[in-house]
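# structure, please.
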Amino acid sequence: MFLVGAVPATIAFALTFALRPLEKPRAGGGLGVRAATQRWHLFPLLALFIGGAHFGYAASYLSPALEHAGTPLGWFFIPVTFAMVFCRVGAMRKLSAYHPRYLAGGGLFMTSVSLAMAAWSMSPALAVAAGLLLGAGNSMMYPVISAWMGRLCTPAHRGGVQAIAGTAFYAGIYATPWPETYLVAAFGYSGTQAVLGVIGVAMAAMIAWSSADGA
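The predicted structure is shown next:
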């Protein structure tokens with residue numbers, strides 16, 4: 001399983017050798033926190049945090065949930081890896097024609113539906129479908145929102161804005177599993193997945209139909 005999980009990182013490392021060097025921007029006066037706290041950034045940052053919470057839950061609790069349901073872990077986690085690689089390497093070129101807020105909302109919707117499907121049933125077929133949705137949604141949402149938030153920034157501030165976007169995403173991954181423990185204790189795995197799915201669907205609708213632009 002660890003070998004399968006290392007595949008996206010290995011491919012990403014190999015792809016870095018094909019990247020063209022960019023012109024070094026002029027030094028900025030800081031991280032660009034003011035640029036990152038524009039009003040229209042609120043929904044993208046919340047979407048990143050919630051999407052990170054979905055991924056953090058999957059990494060922390062879906063393994064015991066699958067074992068409890070008697071479903072082999074590979075039925076979920078191998079499709080996650082496949083979808084992450086395929087979406088980032090192949091699909092994003094075609095999807096980039098759509099407005100970032102629709103891609104961001106769509107990615108969060110996919111991770112939300114993934115958890116909802118896992119809450120409904122842990123049959124092998126649904127585990128595969130849920131894994132594909134989680135991997136594709138995660139890969140679509142994070143890079144799209146990170147680039148979207150940096151569009152209106154000067155080159156000197158863009159790195160800081162994207163760092164703050166990354167902080168929101170990884171805070172969701174690493175900070176939420178502890179409070180999610182209380183949800184699991186109160187509602188069980190299925191109930192927690194349903195709650196996280198509903199929150200994610202609501203946030204996905206808000207960002208897809210909001211007036212946030214940044215283009």
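# where's residue 107, which helix or strand?
In the assignment (DSSP states H and E), residue 107 maps to helix 100-120.
# helix or strand next in line after that helix, which one?
Heading C-terminal from helix 100-120 (DSSP H and E), you reach helix 124-149.
# what's the burial count for the residue lying closest to residue 67 once chain neighbours are set aside?
Excluding the flanking residues, the one nearest residue 67 by Cβ to Cβ, 6 or more residues apart in numbering is residue 73, at 7.3 Å. The C-beta positions use only the backbone N, C-alpha and C, and glycine is treated the same way. Counted with other Cβ atoms under 10 Å, the neighbours of residue 73 add up to 15.
# next one: residue 156
As a burial measure, residue 156 scores 15 neighbours (other Cβ under 10 Å).
# pLDDT weak spots in this structure?
Along the chain, segments meeting pLDDT under 70 span 1-40, 91-93, 152, 154, 211-215.
# wait, isn't the residue nearest to residue 67 in contact with residue 65?
No: judged on Cβ atoms under 8 Å, residue 73 makes no contact with residue 65 at a distance of 10.1 Å.
# show me the helices in the chain, by range?
2-5, 7-15, 33-36, 42-69, 74-86, 92-95, 100-120, 124-149, 155-175, 177-208 (DSSP state H).
# just want the angle from the last one to helix 124-149.
Between helix 177-208 and helix 124-149, the angle comes out at 70 degrees (axes from the mean of the first three to the mean of the last three Cα atoms, to 10 degrees).
# noted, bye for now.
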